[in-house]
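In: Requesting a structural model of the entry that follows:
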Amino acid sequence: MENRTDGRIVYCLVSTLMLCFLLLIGCNNHPVQNNSYSLYVKDTAWGAYNVLVPPGSSPDDRQAGVLRLEKYLDSVINHHVAGTTFQLKGDYSVYYCPCDSNLLNIDAHLLAGAGTTYPPPPPPPKGGSGDGGTLTRYGFDFKVAKDSASEGAINPVQLNKIDLSNKRVDARKVLAIIDTGLDSQFFKNQPTNWIWSEGPQTLLNTLPGKPKDLWQDDHKYRHGTGVAGLVYQVSATDVVPQLMILKALDQNKEGSTFSVSCAMSYAIQHKVTAVNASLGYYAPTIHDDPIMQTYDSLCNAAKIPVFAAAGNVRYDEGLTSGACVDRKVQVNLLGAARSFFPASYAPQFPYLISVTGLKSLSAACPNQNYSEQLVKVGLYNKTNCCSYYLPFMPTGYTGSSFATPMVSGLVMKQAIANPNTDIMILLGDLERQDRTLHATVQGTYIGVTQPKRVQ
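Out: As a prediction, this is how the structure comes out:
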């Protein structure tokens with residue numbers, strides 16, 4: 001989810017209602033993921049909003065920003081219920097980002113009395129609260145789930161693990177992985193200090209209301225663990241990067257632009273080498289979240305590359321019968337009316353690298369998104385087509401979620417070997433120019449030979 005600014009926070013406001021849902025995809029021979037979403041706090045919220053107050057704001061300024069939004073929502077409720085049988089009242093839950101006091105999340109719940117129909121949640125207020133010539137910024141808190149992908153079954157009893165024997169960690173190179181967390185039991189002979197830490201104050205979880213040190217990957221198919229595993233698999237040298245684990249998605253692979261923005265803020269503050277974001281949400285370009293866009297722009301200003309999955313076909317758009325079967329209808333094309341954030345911010349931010357998987361040097365994997373304008377890099381898996389295998393996932397992962405860490409892992413490998421070279425230069429060294437990719441990605445691809453499927 002990328003947003004463009006020149007490093008300053010631009011306080012523009014979203015004024016149009018658009019709650020967007022990312023639907024996960026299942027592919028042939030893989031279980032279809034549950035596409036029913038709820039926000040991760042108490043009951044499903046009537047409306048969820050992000051609030052970003054200007055840098056240097058006082059606690060009173062932050063409280064004023066919250067109260068202004070609550071007052072606005074109350075006025076909307078009263079307007080809707082006037083002269084009707086509705087008896088509605090707003091109930092608000094406020095959460096702060098643990099590492100960024102300027103970033104808040106508000107969930108609005110309706111306490112209903114008589115009546116059977118609720119008015120829809122309103123857009124955020126058009127104006128901001130004044131603070132020394134700047135404005136508090138409001139935006140919808142979009143539901144963000146893992147990039148549509150599929151996974152096979154894991155048998156933890158007979159677990160094949162990723163072998164990290166004889167590996168040394170280069171603590172100068174840190175890859176932040178914003179995902180479902182990490183399950184370390186899937187790695188054996190783990191090197192010391194392979195997980196980044198700043199001691200007891202380390203932030204590991206940015207989900208509202210969750211303990212900040214709760215980082216365990218509790219997703220059924222260990223999505224975040226798979227992402228980390230692919231990073232280490234492709235950076236298979238004697239030296240591996242350190243990983244900053246940020247759990248912004250829960251056991252159902254659900255999160256929001258708030259939890260992801262909070263994680264990005266933490267990564268920026270600690271000057272990580274790069275960020276892997278195998279996640280996103282669908283929305284028309286004009287309805288993106290301006291607050292998460294701000295943090296994408298701050299990554300860009302700090303020259304921190306964000307490797308973002310390009311997304312996959314949604315359930316309601318139709319699926320192919322298999323990962324490597326050609327489509328007759330190109331429903332996986334990204335554009336202004338069908339954007340996947342943060343990947344669709346790529347043209348605006350040089351340090352935002354949107355990634356998809358390729359089935360050949362001239363075509364994207366059928367269920368993965370592509371675009372000449374919005375997707376920068378294609379990952380061409382020469383051995384396994386559009387599936388990505390790990391020892392503990394013998395049936396394979398599919399989806400741009402898993403193409404992305406293979407690219408970020410390859411780039412981190414080069415960053416360790418060339419510690420003083422800008423990552424974007426290293427990415428360029430990995431890419432290959434090929435005109436046949438003109439309709440798929442921006443003329444570049446990265447080829448990789450992955451170990452063949454584990455039987």
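In: all contacts plus neighbour counts: C-alpha atoms, from now on.
Out: OK.
In: Just to be sure, Gly409 is in a helix?
Out: Yes: residue assignment for Gly409, taken from DSSP: H, G, I helix; E, B strand; the rest coil, places it within a helix.
In: surely Gly229 meets Leu390?
Out: Yes: between Gly229 and Leu390 there is a contact at 7.2 Å, judged by C-alpha atoms under 8 Å.
In: Now for the two: what residues contact both?
Out: Ile162 (C-alpha atoms under 8 Å, 6 or more residues apart in numbering).
In: who has more neighbours, the two?
Out: Gly229 (26 against 22; other C-alpha atoms under 10 Å).
In: and the more buried one, helix, strand or coil?
Out: Going by three-state DSSP: Gly229 is helix.
In: tell me the contacts of it?
Out: By C-alpha under 8 Å, 6+ apart, the residues touching Gly229 are 162, 390.
In: Try it again at 10 Å.
Out: Gly229 makes contacts with 161-163, 182, 186-187, 223, 235, 389-392, 402, 405-406, 409, as judged by C-alpha atoms under 10 Å, 6 or more residues apart in numbering.
In: ok, now Leu159?
Out: Counted by C-alpha under 10 Å, 6+ apart, Leu159 has contacts 185-187, 391-393.
In: Quick check: the gap between it and Lys188.
Out: Leu159 is 10 Å from Lys188, where distance means C-alpha to C-alpha, to the nearest Å.
In: ditto for Ser197
Out: In terms of C-alpha to C-alpha, Ser197 sits 20 Å off from Lys188.
In: ok, now Val53?
Out: From Val53 to Lys188 the distance is 44 Å (C-alpha to C-alpha).
In: neighbour count winner among those two?
Out: Under the neighbour definition other C-alpha under 10 Å, Val53 and Lys188 were set side by side, and Val53 has more, 28 against 13.
In: I figured that one was touching Tyr96, is that so?
Out: No: in this structure, Val53 is not within contact of Tyr96 by C-alpha atoms under 10 Å, at 11.5 Å.
In: Overlap of the contact sets of those two?
Out: With C-alpha under 10 Å, 6+ apart, Val53 and Tyr96 have common neighbours 102-104.
In: Mind putting the residues you listed into CSV with secondary structure?
Out: Converted to CSV, the shared contacts of Val53 and Tyr96 look like this (three-state DSSP):
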residue, secondary structure
Asn102, strand
Leu103, strand
Leu104, strand
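In: got the contact list for Phe258?
Out: Phe258 neighbours (C-alpha under 10 Å, 6+ apart): 48-51, 95-97, 103-106, 139-144, 206-208, 248, 264, 289, 291-292.
In: just checking, which of those belong to strands?
Out: Judged by DSSP state E, these include 48-51, 95-97, 103-106, 139-140, 143-144 as members of strands.
In: ok, these vs Pro121, which is closest?
Out: Ala48 (8.7 Å; C-alpha to C-alpha).
In: Can you give me the neighbour number for the closest one?
Out: 26.
In: beta partners of the nearest residue to it once chain neighbours are set aside?
Out: Spatial nearest neighbour of Ala48, excluding adjacent residues (C-alpha to C-alpha, 6 or more residues apart in numbering): Asp107 at 4.5 Å. Using DSSP bridges, the beta-bridge partners of Asp107 come out as Ala48, Ser93.
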